[in-house]
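J.: any chance you could fold what I've pasted below:
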Amino acid sequence: GARPARPSGPIEPASLAAAVGATLPDDAIVVDESISASFGLGSGLAGAAPHDLLTLTGGSIGFGLPCATGAAVAGGGRPVVCLEGDGSAVYTLPALWTQAREGLDVTTVIVDNGAYAILAMELDRLEAGTPGPGGRSLLDLSGPSLDFVSLARGFGVPATRATTAEELAAQLEAAHAEPGPHLVDAVMTPAG
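T.: Numbers count the residues shown, from 1 in each chain. Reported below is the predicted structural model:
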C-alpha cells in the first residue's frame, strides 16, 4: 500500500497513526504502548516504510520505554519509534536517561490524553456504574498535569510538544533527521 498522507487537524488516533506512518524511517522498530490510541495504528503502518512492530501482550503497563531502549541497544543502529501512553510513561520514565546516556536513536511519542483512558474503558466494561469523584480522580492525570517536555529535558532528551497533526508530523520528521533520543508530546483532542 501507499504511505499514508501527512495528516492535518487535531491529534486523534487516526491522525496519530497517519503521522507515524507518513514519517516512519526505513527499517525502523516500532514499539507500541499507546494503549487506547492504538486502535487505528494498523492502517497508519500498513503503507509505511518496512519496519518491525513490538506490542503489548496484554495486561501490563509501563512496557514501552524500556522495550524501546532495549530494542535500540539490540537493533544495531536501527531507528526506534516508541508510542507511549501518558499514564504508562510515568511508570518507567527513567528509561529516557538511559537513552540519552547511550545516545540511542529512539523517538518517543507520548500519546497525551491526560488520563488513564484504558482504565476508564475497563471500568466501563465492568458495568459497575458511574464512579464517584474519588474514583474518577484515579483515572485523571491532571492536577498537577504532567509536563513531558520538561521531564524529558530533565533526563537529557530533547523534547517538543505537538498540538496538531501537522505539528506532530513535522516534529517527528525533525526527530528522525537527527541521531539520538527525542520525545514528542502529542497532545490529543479530549474524548467526547
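
J.: break down this structure into its helices, ranges please.
T.: 13-23, 41-46, 64-74, 86-92, 95-102, 117-126, 133-137, 148-154, 165-177 (DSSP state H).

J.: and the second one, what other elements does it pack with?
T.: So that's helix 41-46. helix 13-23 (3 or more Cβ pairs under 8 Å, 6 or more residues apart in numbering; DSSP states H and E). Using the backbone N, CA and C atoms, a C-beta is placed for each residue, glycine as well.

J.: so what pLDDT did residue 115 get?
T.: Residue 115 carries a pLDDT score of 58 in this model.

J.: so that it lines up with my notes, have the first residue be 23 from now on.
T.: Got it, first residue is 23 now, which makes that one residue 137.

J.: any stretches of this structure with poor pLDDT?
T.: 81, 137-151, 153-165, 212-214 (pLDDT under 70).

J.: if I pick residue 103, what's in contact with it?
T.: Residue 103 is in contact with 42, 46-47, 50-53, 90, 128-129, 131, 194, counting by Cβ atoms under 8 Å, 6 or more residues apart in numbering.

J.: go again using 7 Å as the cut-off
T.: 42, 46, 50, 52, 129, 131 (Cβ atoms under 7 Å, 6 or more residues apart in numbering).

J.: which two among those are spaced furthest apart?
T.: The most widely separated members of those, counting by Cβ to Cβ, are 50 and 131 (12.4 Å).

J.: thinking again about what came up before, if we only consider the contacts of residue 103, which is nearest to residue 179?
T.: Of the contacts of residue 103, the one sitting nearest to residue 179 (Cβ to Cβ) turns out to be residue 129, at 9.9 Å.

J.: that closest one reaches residue 200, doesn't it?
T.: No - contact between residue 129 and residue 200 fails when scored by Cβ atoms under 7 Å: they sit 9.5 Å apart.

J.: which of the two has more residues huddled nearby?
T.: residue 129 (28 against 11; other Cβ atoms under 10 Å).

J.: please name the nearest non-neighbouring residue to that one.
T.: residue 197 (4.4 Å; Cβ to Cβ, 6 or more residues apart in numbering).

J.: wait, what's in contact with the one you found?
T.: 129, 204, 206.

J.: how close does the first one sit to residue 152?
T.: Think residue 129. Distance of residue 129 to residue 152, given as Cβ to Cβ, to the nearest Å: 38 Å.

J.: what's the answer for the last one, then?
T.: Summarising the geometry, the distance separating residue 206 from residue 152, computed by Cβ to Cβ, is 34 Å.

J.: more crowded one of the two?
T.: A direct count of neighbours by other Cβ under 10 Å for residue 206 and residue 152 places residue 206 higher, at 26 against 8.

J.: return the distance of residue 121 relative to residue 84.
T.: 15 Å.

J.: with neighbour numbers in mind, choose between those two.
T.: Shown here are residue 121 and residue 84; by other Cβ under 10 Å, residue 121 has more neighbours (29 against 18).
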